[in-house]
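Visitor: Here is my input, please return the structure:
(one chain, ligands or ions: 1)
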Amino acid sequence: MIIEEKKPRYTMHNGFRMPMGFPPEAFSSGLSYQPQPGDIFIAAYPKCGTTWVQYIVWLIIHDGEPLPPGKRLREAIPMLEGFGKEFVAALPSPRAIKTHLPYQMTPYHPEAKYIHVCRNPFDCAVSFYHHTKGFMEDYDFVNGSFDEYFECFIAGEVDWGDYFDNLLSWYEHKNAHNVLCLTYENLKNNPQEAVNQIAAFLGSEYLDKVKNEQILNKILTNSSFERMSQDPNRWATPRPDNMPFIRKGQIGDWKNYFSEHQTKRLTEKFVQRTKGTDLEKLWSNLIPCLAAEEANN
Ligand code: A3P
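Guide: All right, here's what the predicted structure looks like:
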């Protein structure tokens, strides 16, 4: 059950839940952006590896060279609904754009490319919980507990809406010529393969770059968890030192937070929402109870 006064603060914009303090004008403006051929969208539900994929894309475009000193990723690859259309339209080409929007709200062009990254909902919930605690001015949830946050997450009453709505909206288009669907877990288990996949999707000029071993190694080193966590202020607005944005970067941290009952409830929601899709099998090796559910069906 959600206890109103213990919830993080949000604001509703045209029926869509956003963090408090998020500019509604930029949100509306971003949604009306007219994509151009060659635009590269990096789309993900929050906490599913957006920043990581953004940086990989930046590194592929820039031959593995890190962001120059003082440059922030959030300005180099801005969030569409956070910065608005003028800011995005003024980016140098090739334009790379971040969004947390579901597919149907993301501006579409058949010659734009859309990279979607998803992550199992259990780790996503834990990561989102820490995110929500850490951006104090946005959410006012610094003392919130995981149990309180979990109720909001499973009800879909968190910013950018319900996890499953977002996941299903993109996954339905996974075979489209201009959509690439990745998982955080595959990225983590085999970053080199993921970098190759992204480069191949972006086009032959990028694939040629990553065939160069030196460039490939620079991309992998500069986008590693270790390297990215050494540079905390490049990825997000400042956070307290003990709540870094690049936090743990692990698969399975959820086991340190979920009670048995919470595990059962989110598993049930997962099974119910993904029935009839091959998403059912995507994470069954990571989440034993999903495998058990599958065996029972
Ligand atoms: P955790 O909170 O589980 O550590 P997003 O960018 O979509 O907000 O996702 C943030 C999550 O991605 C955080 O997860 C963060 O640590 C993780 N992440 C960011 N860069 C990473 C990297 N280079 N390797 C592994 N995980 C990374």
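
Visitor: Pull up the gap between residue 173 and residue 37, please.
Guide: 18 Å (CB to CB, to the nearest Å). C-betas here are computed from N, CA, C, even on glycine.

Visitor: who's more crowded, these two?
Guide: Legend: neighbour count by other CB atoms under 10 Å for residue 173 and residue 37, higher for residue 173 (15 against 10).

Visitor: thought that one was touching residue 180?
Guide: No - under the criterion of CB atoms under 8 Å, residue 173 is not in contact with residue 180, lying 10.3 Å apart.

Visitor: what is in contact with the two at once?
Guide: Contact criterion CB atoms under 8 Å, 6 or more residues apart in numbering; residues shared by residue 173 and residue 180: residue 114.

Visitor: what does the stretch 151-297 of the chain have sitting close to the ligand?
Guide: Listed as neighbours of the ligand in the stretch 151-297 of the chain under the rule CB under 6 Å from any ligand atom: 188, 223-225, 228, 246-249, 253.

Visitor: what's the farthest-apart pair in these?
Guide: The span of those, defined through CB to CB, is set by 223 and 253 at 19.9 Å.

Visitor: Spell out, range by range, the helices that occur in the stretch 101-250 of the chain.
Guide: Listed in chain order, the helices of the stretch 101-250 of the chain (DSSP state H, counting those that start in this stretch) span 121-134, 136-139, 146-154, 163-171, 184-189, 191-202, 204-211, 213-222, 225-229.

Visitor: how close does residue 69 sit to the ligand?
Guide: Here residue 69 is placed at a distance of 19 Å from the ligand (CB to the nearest ligand atom, to the nearest Å).

Visitor: my bad, should have said residue 154
Guide: Taking CB to the nearest ligand atom, one finds residue 154 at 18 Å from the ligand.

Visitor: Just give the number of residues close to that residue.
Guide: 19.

Visitor: got a pLDDT number for it?
Guide: Looking at residue 154, its pLDDT reads 98.

Visitor: what does residue 235 give?
Guide: At residue 235, pLDDT is 88.

Visitor: Over to residue 68?
Guide: 94.

Visitor: Am I right that residue 269 sits in a helix?
Guide: Yes - according to DSSP: H, G, I helix; E, B strand; the rest coil, residue 269 belongs to a helix.

Visitor: Report how many residues lie close to it.
Guide: Counted with other CB under 10 Å, residue 269 comes out at 18.

Visitor: Report the contact partners of it.
Guide: 154, 164.

Visitor: check contacts around residue 200.
Guide: Residue 200 sits next to 206-207 when contact means CB under 8 Å, 6+ apart.

Visitor: Contact residues of the stretch 1-150 of the chain facing the ligand?
Guide: 44, 46-52, 123, 127, 130.

Visitor: and with 5 Å instead?
Guide: By CB under 5 Å from any ligand atom, the part of the stretch 1-150 of the chain that sits against the ligand consists of 47, 49-52, 127.

Visitor: So which of the residues of the stretch 151-297 of the chain next to the ligand is surrounded by the most neighbours?
Guide: Highest neighbour count within those, by other CB under 10 Å: residue 223, with 25 neighbours.

Visitor: My guess is that residue contacts residue 51. True?
Guide: No - with contact defined as CB under 8 Å, residue 223 does not reach residue 51; the gap is 9.9 Å.

Visitor: what residues do those two have in common as contacts?
Guide: Joint contacts of residue 223 and residue 51 (CB under 8 Å, 6+ apart) do not exist.

Visitor: Return the residues in contact with residue 185.
Guide: By CB under 8 Å, 6+ apart, residue 185 lies in contact with 119-120, 251, 283, 286.

Visitor: what about it, distance to residue 118?
Guide: Applying CB to CB to residue 185 and residue 118 gives a distance of 9 Å.
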